[in-house]
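*Asks:* no sequence on hand, only this structure:
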């Protein structure tokens, strides 16, 4: 974010110095509509980043745009190091409410991802869900890696979840790179976000493929708790997933 802030500040000055030249021969090559869109988008982003500065976020010294490719954007390649990195994240306003760490072991082969950590906060419901997973898929509970797209808890309804999800998604992608799961089970909201963000088309009902990984929709246990009749739907979904795993 710091790098983005510096780039935009420098772009701002370059765009503003370019404006006086419009009206000469250059104007023929300028798409004014596109220019206005870029300018408005740049101002919106700068407004957000400047608001972060008000909360005490320090930015790096000015950078040379010519050396931008020398910046190392790589994330850690082990889960422990990745979550140490996440612990110091300040990309969105949820960072002050950090409360979640993925539940895993080194032999995890099935990733279960939720949109937020609500399921994991309800110990009784989470234990019941784990029992169903383990029983129907015939897998030891240690075969599952439980994570969430949002790495921090939600403290109020006024949070811009889209901004927070977009900030966190790189961490989830890196988790997948590290774990290399056989399959990803995405609880309702997580499935919808992943499908929409990457514009993935369903290959079959409730399943998409992203970077070679099959992602399957699973009914939200929280909804099932409110409507127990949906438990049969969840069990049937898991039976289909078991068949997919057996074919691998």
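*Replies:* Received it, and whenever you're ready, just let me know what you need. Quick caveat, the model's predicted, so the values are computed rather than measured. Numbers count the residues shown, from 1 in each chain.
*Asks:* output the below-cut-off pLDDT ranges for the protein.
*Replies:* 1-39, 50-73, 98-100, 106, 155-158, 248 (pLDDT under 70).
*Asks:* could you chop this structure up by domain?
*Replies:* For the chain, the structural domains run 2-70, 79-247, going by automatic domain parsing.
*Asks:* the last one: end-to-end distance?
*Replies:* Put plainly, it is domain 79-247. End-to-end distance of domain 79-247 (C-alpha to C-alpha, to the nearest Å): 28 Å.
*Asks:* can you give me the buried ones in the host helix or strand of residue 241?
*Replies:* Using DSSP states H and E, residue 241 maps to helix 231-247. Across helix 231-247, burial judged by 16 or more other C-beta atoms under 10 Å covers 234, 237-238, 241, 245. From N, CA and C alone the C-beta is placed, and that goes for glycine too.
*Asks:* ok, stretch 122-137 next?
*Replies:* 125-126, 129-130, 133, 136-137.
*Asks:* likewise for stretch 172-192?
*Replies:* If you call a residue buried by 16+ other C-beta under 10 Å, then stretch 172-192 has these buried ones: 172, 174-176, 178-179, 181, 183-191.
*Asks:* in these, find the pair that's most separated.
*Replies:* Comparing every pair within the buried residues of stretch 172-192 by C-beta to C-beta identifies 178 and 188 as the most remote, at 24.7 Å.
*Asks:* quick one, phi/psi of the residue most central in space within the chain?
*Replies:* Taking C-alpha atoms, centre = their mean, the centroid of the chain lies closest to residue 169, which sits 2.0 Å from it. Dihedral pair for residue 169: phi -60, psi -30, per degrees, to the nearest 10.
*Asks:* quick check, it in contact with residue 190.
*Replies:* No: using C-beta atoms under 8 Å, residue 169 is not in contact with residue 190; the gap is 10.7 Å.
*Asks:* any common contacting residues for the two?
*Replies:* residue 149 (C-beta atoms under 8 Å, 6 or more residues apart in numbering).
*Asks:* residue 114: neighbour count?
*Replies:* A count of nearby residues for residue 114, using other C-beta atoms under 10 Å, gives 25.
*Asks:* what sits against it?
*Replies:* 120, 146-149, 187, 189-190, 220.
*Asks:* distance of it relative to residue 78?
*Replies:* Counting by C-beta to C-beta, to the nearest Å, the separation of residue 114 from residue 78 is 23 Å.
*Asks:* just residue 130 next, same as before
*Replies:* For residue 130, the distance to residue 78 - C-beta to C-beta - is 24 Å.
*Asks:* and residue 94, by the same measure?
*Replies:* Residue 94 sits 24 Å away from residue 78 when distances are taken as C-beta to C-beta.
*Asks:* between the two, which has more neighbouring residues?
*Replies:* Per other C-beta under 10 Å, whichever of residue 94 and residue 78 has more neighbours is residue 94, with 24 against 10.
*Asks:* save the contacts of residue 114 as a markdown table, and put in distance to residue 159 and secondary structure too.
*Replies:* A markdown table is the format used below for these (distance: C-beta to C-beta, whole Å; DSSP: H, G, I helix; E, B strand; the rest coil):
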| residue | distance to residue 159 | secondary structure |
| --- | --- | --- |
| 120 | 18 | helix |
| 146 | 22 | strand |
| 147 | 20 | strand |
| 148 | 15 | strand |
| 149 | 14 | coil |
| 187 | 19 | strand |
| 189 | 15 | helix |
| 190 | 17 | helix |
| 220 | 20 | coil |
